[in-house]
Each structure stands twice: as C-alpha cells, then as structure tokens.
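Engineer: please find the sequence and the predicted model below.
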Amino acid sequence: GSSHTIRAMLGAVASLKKGNRPLVLAARNVHKAFIYACAALDIDTQWIYPAEFNHLCSCEISAADVEKALRECSTKPDAVYITSPDYLGNISDVFEISKVCKKYDVPLLVDNAHGAYLGFLKESLHPIHLGATACCDSAHKTLPVLTGGAYLHIAKEYSYLYSDAKEA
C-alpha cells in the first residue's frame with residue numbers, strides 16, 4: 001500500500017538533489033517504510049520533536065515546531081515529512097505547517113495512510129487540499145479496498161517532482 005508511495009515521494013525529492021545527500025526533517029513517529037526508504041535512497045534525517053513528547057506513536061507536531069526545526073537546521077532541508085493522522089488518530093494542522101514550509105520554500109510530504117477518507121468530509125481535511133506538496137493515502141485502511149491499494153497525490157504546483165506528472 002502506502003509503503004510504495006512513501007518511497008516514491010522520497011525518491012522524487014532525492015532525485016532533485018544535486019551534490020550532497022538529501023536531508024529530510026521528519027516527525028519522530030514515522031512508519032518504518034520511511035526509515036527503509038531513507039536508507040535505500042541515502043537520505044539523511046533530522047528528527048522533529050514536539051514541545052510535549054508523550055508517546056512514540058503520537059508525535060503531534062505543530063507549525064511552531066516545524067518552524068523551529070527549519071530555523072535551527074544547519075542546511076536547508078529538501079523536505080519536511082509528517083504522519084497525519086498518526087497511529088492514534090491525531091490530525092496535525094497541515095494547513096499551518098504547509099504555510100511554514102512554503103515560507104522556507106521546502107516541500108511538505110504527508111503520510112496520510114490512515115486518512116484517505118479526509119477528502120470526503122463536508123469540509124475537506126485532505127493534506128493536498130490544505131497545502132501539502134505530496135501525500136500518500138492507503139485506501140485499504142479507511143476506504144473500501146480489499147488489497148493494499150494506495151494513492152500518491154502531488155499538488156499541481158509541484159508536478160515537476162515527476163517528469164511524467166499530468167495536471168489534474
């Protein structure tokens with residue numbers, strides 16, 4: 001399912017890097033697919049911790065946490081990566097986090113594996129609608145898909161991440 005789309009998101013970001021190894025700032029509650037993809041793609045990771053860290057499965061990152069990590073980073077990262085909703089159902093403020101990422105001109109990648117339904121709410125909470133650069137949805141977790149179906153979404157203004165991307 002989403003493991004492939006996580007690799008694709010990170011692969012797209014890594015393919016744009018010239019010179020040094022890519023660097024991704026990531027919330028500490030990432031899925032192991034993120035860790036494996038970073039290892040396979042030779043991507044460095046710097047962890048973002050929330051102001052209050054209570055549980056490994058829940059790492060509620062705020063826009064202020066992301067801005068602090070971006071300000072304190074010694075080199076400009078190639079992406080920010082969050083998991084929302086997390087494994088306990090907590091949803092990050094993707095809209096505010098995306099504004100911070102745009103301010104620093106850094107793509108926001110969202111593991112939305114447990115939130116594929118968010119685009120179908122009366123007021124969409126889907127990461128792409130809230131300003132994320134790219135995100136993955138795992139259809140078999142929250143939508144009626146029987147196998148490991150997943151979707152990779154890329155915001156129109158970031159279609160350059162994939163040479164074959166078509167504007168929807």
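Structural biologist: On my side now, so go ahead. Numbering: from 1, shown residues only.

Engineer: kindly list the longest helix within this protein.
Structural biologist: helix 2-16 (DSSP state H).

Engineer: how far off centre is that one?
Structural biologist: Here helix 2-16 is found 10 Å from its chain centre; the criterion is CA atoms, centre = their mean, to the nearest Å.

Engineer: for this structure, what spans make up the strands?
Structural biologist: 23-27, 44-48, 79-83, 108-111, 134-138, 150-154 (DSSP state E).

Engineer: any chance of those strands in JSON lines with distance to residue 119 as columns?
Structural biologist: (C-beta placed from N, C-alpha, C; glycine too.) As requested, the strands of the chain are arranged in JSON lines below (distance: least, CB to CB, whole Å):
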{"stretch": "strand 23-27", "distance to residue 119": "21"}
{"stretch": "strand 44-48", "distance to residue 119": "25"}
{"stretch": "strand 79-83", "distance to residue 119": "17"}
{"stretch": "strand 108-111", "distance to residue 119": "12"}
{"stretch": "strand 134-138", "distance to residue 119": "8"}
{"stretch": "strand 150-154", "distance to residue 119": "9"}
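
Engineer: please report how far the most far-flung residue of the chain relative to its centre lies from residue 88.
Structural biologist: Most distant residue from the mean C-alpha position of the chain: residue 146, 24.4 Å away (CA atoms, centre = their mean). Distance, residue 146 to residue 88, using CB to CB, to the nearest Å: 25 Å.

Engineer: now stretch 127-135: average pLDDT?
Structural biologist: Mean pLDDT, stretch 127-135: 95.

Engineer: which outside residues touch it?
Structural biologist: 9, 12, 79, 84, 94-95, 98-99, 101-102, 107-112, 115, 118-119, 124, 126, 152-155, 158, 161 (CB atoms under 8 Å, 6 or more residues apart in numbering).

Engineer: the same query, at a cut-off of 6 Å, please.
Structural biologist: The contact list for stretch 127-135 (CB atoms under 6 Å, 6 or more residues apart in numbering) reads 9, 94-95, 98, 107-110, 112, 153-155, 158.

Engineer: and those residues, which are buried?
Structural biologist: Neighbour counting with 16 or more other CB atoms under 10 Å marks 9, 94, 98, 107-110, 112, 153-155, 158 as buried within the contacts of stretch 127-135.

Engineer: which parts of stretch 131-145 are buried?
Structural biologist: Under 16+ other CB under 10 Å, the buried positions of stretch 131-145 are 131-142.

Engineer: now flag whichever of the buried ones among the contacts of stretch 127-135 is closest to residue 59.
Structural biologist: Of all the buried ones among the contacts of stretch 127-135, residue 59 sits closest to residue 110, with 13.3 Å by CB to CB.

Engineer: gap between the two ends of stretch 52-59?
Structural biologist: Using CA to CA, to the nearest Å, the end-to-end distance of stretch 52-59 comes to 9 Å.
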